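Colleague: structure of the sequence below:
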Amino acid sequence: MMIDKLFSNFDNYLPLDAAEREDLAGRVIERKIKRRQFILQENDVCRHYTFVAEGCFKKFQVDDKGTEHNLQFAAEGDWLMEIGSFYFEKPSRVYIEAIEPAVIFQISRQNLYHLYDNNPKFDRNFRVIVENRLVETENRVLQAISSTAEERYLAFIKQYPHLLSRLPNTQIASYLGITPEFLSKVRKDLLKK
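Modeller: As a prediction, this is how the structure comes out:
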């Protein structure tokens, strides 16, 4: 069952007992998402934490020139949300779109707070999930300001090895902040080493 993938994710932190699993299962919504379907658009309020059971998503922003800037990829076992929009109920600054057909589980703020209030294990688990995402974001900012394109590409390979064959070069290049042509050059240079 798909819900077992969600339970297994929590087993990485503080495993849930049968009652906690039942409470969680009753508070999440399973959704099947088509390729290129949005689960969040700019200016909408992010209403859910999303767990990816199957498939792949990109979180991105579009600048004034219409250029996409990929901020994050999420595939099986990852959590995805626009945290400022979710907690402060403000319009989102980003889009979240399926790159592949997907199955997700979503939990609303109200249901998340219920879990926090009724079982400290959920509070701890979600805190670790958010802390992990914060560490990834800080590393990404540091790479953007102090790393070469080659170093950023190597960090991408390390962070997303399972996505290299699933993402088009244009998506990877956008994430790295370079053109697809320059990404090809970086790859060629690495093969020569």
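
Colleague: from here on, contacts and neighbour counts on C-alpha atoms
Modeller: Will do.

Colleague: wait, doesn't Leu164 sit right on Ile157?
Modeller: Yes. With contacts counted by C-alpha atoms under 8 Å, Leu164 reaches Ile157, the gap being 7.1 Å.

Colleague: so what's the backbone phi/psi at His114?
Modeller: When read as degrees, to the nearest 10, the backbone of His114 gives phi -60, psi -50.

Colleague: ok, now which ones touch the residue lying closest to Lys59 once chain neighbours are set aside?
Modeller: Sequence neighbours aside, Ile96 is the residue nearest to Lys59 in space, at 4.4 Å (criterion: C-alpha to C-alpha, 6 or more residues apart in numbering). Counting by C-alpha atoms under 8 Å, 6 or more residues apart in numbering, Ile96 touches 38-41, 57-60.

Colleague: just say helix, strand or coil for Ile96.
Modeller: State at Ile96, reduced to three classes by DSSP: H, G, I helix; E, B strand; the rest coil: strand.

Colleague: tell me who's in contact with Val45.
Modeller: With contact set as C-alpha under 8 Å, 6+ apart, Val45 has these partners: 85-86, 89-92.

Colleague: report the buried residues of the helix or strand Phe122 falls within.
Modeller: Following DSSP states H and E, the helix or strand that holds Phe122 is helix 120-146. If you call a residue buried by 16 or more other C-alpha atoms under 10 Å, then helix 120-146 has these buried ones: 121-122, 125-126, 130, 133, 140, 143.

Colleague: from what I can see Gly55 touches Ala102, true?
Modeller: Yes. In this structure, Gly55 is within contact of Ala102 by C-alpha under 8 Å, at 4.1 Å.

Colleague: what helices and strands are in contact with the helix holding Phe122?
Modeller: Contact partners of helix 120-146 among helices and strands, from 3 or more C-alpha pairs under 8 Å, 6 or more residues apart in numbering; DSSP states H and E: helix 109-118, helix 149-159.

Colleague: quick one, that helix and helix 109-118 angle?
Modeller: Between helix 120-146 and helix 109-118, the angle comes out at 120 degrees (axes from the mean of the first three to the mean of the last three C-alpha atoms, to 10 degrees).

Colleague: coming back round to it: can I get the contacts of Ile96 in JSON lines including distance to Glu68?
Modeller: JSON lines is the format used below for these (distance: C-alpha to C-alpha, whole Å):
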{"residue": "Phe38", "distance to Glu68": "15"}
{"residue": "Ile39", "distance to Glu68": "17"}
{"residue": "Leu40", "distance to Glu68": "15"}
{"residue": "Gln41", "distance to Glu68": "13"}
{"residue": "Phe57", "distance to Glu68": "14"}
{"residue": "Lys58", "distance to Glu68": "11"}
{"residue": "Lys59", "distance to Glu68": "10"}
{"residue": "Phe60", "distance to Glu68": "6"}
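
Colleague: so which of the residues you listed wins on neighbours?
Modeller: When neighbours are counted by other C-alpha atoms under 10 Å, Phe57 leads these with 26 neighbours.
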